[in-house]
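> Provided below are the primary sequence and the corresponding predicted coordinates.
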Amino acid sequence: MFKLTLGSDGKVQSKEVFVEYGTMPSCDGVFIDTSTDNLFIADSEANAIRVVSPDGQVSTLAENGDTDGADGKMDQPCEPLLVGNKLFVANYDQPNGGFVNSGYDTVHTMTIIQVPAKYLAKQ
């Protein structure tokens, strides 16, 4: 993941590595919380949601094994959306080689995760 700094003219002034390649298995959907500048990233390959802080530190918000999603767990997450203190995660359920998600399941397409206060803006 790269961090680009733009000048007042909108042109790229600098480009630097923000998160090293291989830090997380994959990056699908990304949500930027502008109140904290945290990035919530759907790591489809690992059935996980990663949080990247403004200083580039990566942590795991949620991760689960192969599931059909009926229990509310992730089934190949693809898009996160933070609303208040809940992260709504759309699940794609399209198996790919090497992914935790190993097969097509009955359709259960949404996971809702209660986000701990440490990832949210102070109220």
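Sure, I can see it.
> helix or strand for the one residue sitting closest to the centre of the chain, which one?
The centre of the chain sits closest to Ile41, judged by CA atoms, centre = their mean, with a distance of 1.6 Å. According to DSSP states H and E, Ile41 maps onto strand 38-43.
> thinking again about what came up before, per-residue pLDDT of the residue nearest to the centre of the chain, please?
The confidence metric pLDDT takes the value 98 at Ile41.
> Flag every buried residue along the lowest-mean-pLDDT helix or strand in the chain.
Lowest by mean pLDDT, DSSP states H and E among the helices and strands of the chain is strand 2-6, with a mean of 94. By 16 or more other CB atoms under 10 Å, strand 2-6 has no buried positions at all. Heads up, the C-betas are built off the backbone N, CA and C, glycines and all.
> and if you look at stretch 74-90?
So for stretch 74-90, counting by 16+ other CB under 10 Å, buried means Met74, Asp75, Gln76, Pro77, Cys78, Glu79, Pro80, Leu82, Leu87, Val89, Ala90.
> circling back: my read: the residue nearest to the centre of the chain touches Arg50, true?
Yes - Ile41 lies in contact with Arg50 (CB atoms under 8 Å); the separation is 4.5 Å.
> got any residues that touch both of these two?
Met24 (CB atoms under 8 Å, 6 or more residues apart in numbering).
> Cys78 contacts Ser26, correct?
No - checked against CB under 8 Å, the pair Cys78 and Ser26 is beyond contact range at 10.2 Å.
> okay, and for this protein, where does confidence drop off?
Applying pLDDT under 70 to the chain flags the ranges 123.
> Quick one: residues contacting the residue nearest to the centre of the chain.
Ile41 makes contact with Met24, Cys27, Asp28, Gly29, Val30, Ile49, Arg50, Val51, Val52, Pro80, according to CB under 8 Å, 6+ apart.
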